[in-house]
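> can't give you the sequence, but here's the structure:
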């Protein structure tokens, strides 16, 4: 993209750490909403908005699944991840295969476990290095031949945070 993905994500992570004590951690869906608020207010550009939309859609999906089936489970979380990806796709206009974070999110949502989701996200992110021209996002302004061999930073970030989640579980 334009080289600011890492800085933008760092700002979001720093805000999450600042706000962490105020999160309703005993309520998973509302914690996702709080995460969305944190990133929306700290991450500039489109990324903060897309992450916020994703977190809020995931929260809605998780609430609905928990309400209909008891406590949250891996299946519920993966469905929430898929809902978040769907919202990002809908509002951002990108689809899988367009060299974006969705190339890591959607494969992860198809997994059966958190560890498998992290592995699928990393694999999906790596696959973007062979895609050439980006179909959406800031990287779409760069010639495809200049992107070859370099994974999409947004997709790579999804792999990183899903690996961190899987390691923490």
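Arrived safely. Values in this document were obtained by computation on a predicted structure and should not be read as measured data.
> what residue ranges in the chain score low on pLDDT?
Where the chain drops to pLDDT under 70, the residues are 1-3, 70-72.
> for the biggest helix by length in it, the distance to its chain's centre please.
In the chain, taking DSSP state H as the definition, the longest helix is helix 45-69. Its chain's C-alpha centre lies 10 Å from the corresponding centre of helix 45-69 when counted by Cα atoms, centre = their mean, to the nearest Å.
> Just give me the neighbour total for residue 6.
Number of residues near residue 6 (other Cβ atoms under 10 Å) recorded here: 11. No exception for glycine: its C-beta is placed from N, CA and C like everyone else's.
> How about residue 101?
Count around residue 101 with other Cβ under 10 Å applied: 31.
> for residue 115, same thing?
Residue 115: 15 neighbours (other Cβ under 10 Å).
> distance of residue 96 from residue 27?
Using Cβ to Cβ, to the nearest Å, one obtains 31 Å as the distance from residue 96 to residue 27.
> Please name the spatially closest residue to the residue of the chain most remote from its centre (chain neighbours excluded).
The C-alpha centroid of the chain is most remote from residue 145, which lies 25.9 Å away (Cα atoms, centre = their mean). Of all residues beyond its chain neighbours, the one nearest residue 145 is residue 132 (7.1 Å), with distances taken as Cβ to Cβ, 6 or more residues apart in numbering.
> pretty sure the one you found is touching residue 149, no?
No: Residue 132 is not in contact with residue 149 according to Cβ atoms under 8 Å; the separation is 9.8 Å.
> More neighbours: those two, which one.
In this view residue 132 and residue 149 are compared by other Cβ under 10 Å, and residue 132 has more residues nearby, 14 against 9.
> any idea how far residue 28 is from residue 41?
Residue 41 is 21 Å from residue 28, by Cβ to Cβ.
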